[in-house]
Every structure is written in structure tokens, then in C-alpha cells.
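Kindly generate the corresponding structure for this input.
(chains A and B)
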Amino acid sequence: MAGSLEFIKSASGTSVSTLDVTDCFSADYDVYKIVTSKVDLVSNGYQRIRFISSGGVDSSSVYDTAFLELTAYTGFSSIRFTNDDKIYYWNYSGNASSHIGGSVLYVFNPYDSSSYTFVQHQTVSYENANNSLRGDKGIGVQKTAVQNTGINFFPMTGNYDNIEVKVYGVK
Amino acid sequence: MPIGQAKFGLLGGVVDPGKLELIETKVADGTGTILDFTDLQESTYNVHFMTINNLQGIDSTASPVYTRLSNDGGSTYETSNYQRAHLLNTFESKTTSSNYLNTIGPGITNKTGRSSNCYIYFYNLGDSSKYSFATEQGTAWTDGLAYQMQFGSSVYTVAETINAIRLYNASSRQFTGDVSLYGIAES
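Residues are numbered from 1 along each chain as shown, chains lettered A, B, ... in the order given. Presented below is the predicted three-dimensional model:
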């Protein structure tokens, strides 16, 4: 039904350095909603994404990122990267199991081979180093017009103890 | 490449994990100052989604509407251990010591058309080993005069099971609005 949110796929991993969610983008949808929860990292640091096409995970320097980091204990920070090899989407700074929050990521036009792929996201977690709430809100783009079929998640350092991802299409 | 195990679930099998399911819709009809959700089904859903539509006061005096969480089914609501970080247009609103979780409407009034609207994601409410988190985005009127966008994050820094959510007017003034709570199915 037009306007509906339709579940496409879920993926999860335990003790993995990266998670590939394959074959989740198709001609059926232009807009995708990806909900990430139950994330547990071995080490502190950012989580990042790349897109997957028929050529595999795109790790070329075609990604731009801009986001605002919101913390409860200090001033907010604007961070940006251009021509990077990944999109930063979640500054998760705490690795205690109780400090895991969640994230919603929207992806626009990933399967359209005539369009760049755009994302926007909003996340929340807890920074144990400063005993503070931490959130992010940001945008990103893959600056190549390519038909993506999947998405790759990977942390800045170490492994995911656990990660769970659900992908929806906006019909 | 993954060095551990990864698993995938596809639509069309016996179960339909990930489905967005309506738990409850409540209408604030202008006769009360609180709106409680006490059936979170928190053992079923790890992620909750709440929409707040057309939130307004019943008179011209501006008043704020906030949220709080309960660990006893709504008998009492927690008044400490919250942190918030929100951007209100260009203003940074942040604190590591708050007595509420979210700001739904910073200054609602009965001025025609000037309602506050937003959505909130809640994470881990039913997990007794994790803090409860929320992200929010919306638009609102301050004192019924200035329109603003607002977004941000919140956390309740006690690892315990949360089983009720309260929307309340901090000035004890009546309000109107439609609020729906959804869950994202796990299995």
C-alpha cells in the first residue's frame, strides 16, 4: 500500500568486525529506513557505513559526511568529512553493555543508478568516559551514481560484540 | 569480512520480524494534565516509536509538556537520573541532571494552528540491564509566538525495566493532542 512502511530484512552479528546487509535495496523502493539497536562494541569509537553494489563494498573516497554531536555535559560539535572512504553515522563512545542506545538511518535512492545515494540519521548512546548522554544527527552522501544493493556497517576499532539491523522500505 | 557469525531474516517466512505495530493511541481531550501509557509491551518490543500530533493548550497561557518514565507500571514516575541534549533552532539545551526525559512542547497555548508536533524513538525500555534512551525530532511554538525546530537525544541512566511513559504538563494545565505508541516487533 502506498505510504506504508514495509519490513524488508533483518541482520545481526556476534563478534564480527563488520556486518554486510546484502540484497536489501531494490527497485521496489526509493527510500529506506534502517533501525539499529542492540549494538555492543568492544572498543569506543565511531560506527561507519559503506554501500554495497555488484562490485562489492565501495571503499573508494567518494563519501561526504556532516553531523552534529550533541552531548549533555558540554557544547555541541559540528563535524564534517569530504572525499572520505566511509560515512560516519554514530559516535558511540561507551562500550559498557548498559550504555547502548539506538539509531535510525534513512537512505535515499540507493538502487537508482542515475542518482547519488544520500543518508540522514539520528542516534543516541552514552559516553562512559564523561558519564554523559551523547547523540548525533547528520547527513551523508555517496558521490557516485551506482546501483547499490546493500549496506556495510563497521566500527572504527575492534569488533561488534553484537549488532542488530532492521531494514524497511517506504512504499 | 565478518570474523564471527551473522544471521539474516527475510520477509515471507513464518515470522515477520521488524514489523511496526500500533500498541495504543490516546487522545488528550483538554480535560486532563497528564497522558499515561501503561501498556508498553516492553517484553515484546526493544524499540518503541511515539508520534505526538496537534499538541495544544486550552488557554493562552504558555506551558510546557514533558515526558517521564515509570518502573512500577505507572504507580509512580521517576523524577531524576535523566540527561538531555537538544538543539532548539540554534540554541543548545543540555543538562546532565534533569527531572524529565523529553520536551514535547516547550510552550503550548490555544492559539489557532500553533500546535507542537514531534516523534520519539525509545530504545531498551524493557531491558533491565540497559539504560533507556530516546531520540526526538519535531517542531513547536514557544509561548505560542515563535516557531522552532527541535531535535535531540535523552537518556534515563538507571539500568532497569521501564513499563510506563507519562506525558504531563509541568504547569498542571490541561492540553489536547493525539499520541500514538508503536512497537517494532522482534519475532
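
use CA for all of it now, contacts and neighbours both
Noted.

looking at it, residue B:97 is touching residue B:79, isn't it?
No: applying C-alpha atoms under 8 Å, one finds residue B:97 not in contact with residue B:79, separated by 10.2 Å.

any weak-confidence spans in the chain?
All of this refers to chain A. Of all residues in chain A, those with pLDDT under 70 make up the ranges A:1-4, A:92-95.

Chain B is the one I meant
Under the criterion pLDDT under 70, the flagged ranges of chain B are B:1-19, B:144, B:186-187.

Give the bridge partners for the residue most central in space within it, please.
What sits nearest the mean C-alpha location of chain B, by C-alpha atoms, centre = their mean, is residue B:120, with 4.7 Å. Legend: beta-bridge partners of residue B:120 under DSSP bridges are residue B:50, residue B:136.

what's the spacing between it and chain A?
Distance, residue B:120 to chain A, using C-alpha to the nearest C-alpha, to the nearest Å: 11 Å.

Touching, that residue and residue B:134? I think so.
Yes: applying C-alpha under 8 Å as the test, residue B:120 and residue B:134 come out as touching, 6.6 Å apart.

The nearest residue to residue B:103 once chain neighbours are set aside: neighbour count?
Spatially, and ignoring its direct neighbours in sequence, residue B:103 is nearest to residue B:66 (4.6 Å; C-alpha to C-alpha, 6 or more residues apart in numbering or on different chains). Residue neighbour count, defined by other C-alpha atoms under 10 Å in any protein chain shown, stands at 18 for residue B:66.

Do a quick rundown of the strands in chain B.
In chain B, the strands defined using DSSP state E lie at B:5-10, B:20-29, B:34-37, B:45-57, B:63-70, B:82-88, B:91-98, B:103-108, B:116-123, B:132-142, B:146-156, B:164-169, B:175-185.

which residues sit in contact with the residue nearest to residue B:103?
B:100-105, B:167-170 (C-alpha atoms under 8 Å, 6 or more residues apart in numbering or on different chains).

Mark which of those residues are buried, thanks.
For the contacts of residue B:66, a neighbour count by 16 or more other C-alpha atoms under 10 Å in any protein chain shown gives the buried set as B:100-105, B:167-169.

In TSV, list the contacts of residue B:66 along with distance to residue A:38.
Formatted as TSV, the entries for the contacts of residue B:66 read as follows, by distance: C-alpha to C-alpha, whole Å:
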residue	distance to residue A:38
B:100	24
B:101	21
B:102	22
B:103	25
B:104	26
B:105	29
B:167	26
B:168	29
B:169	32
B:170	33
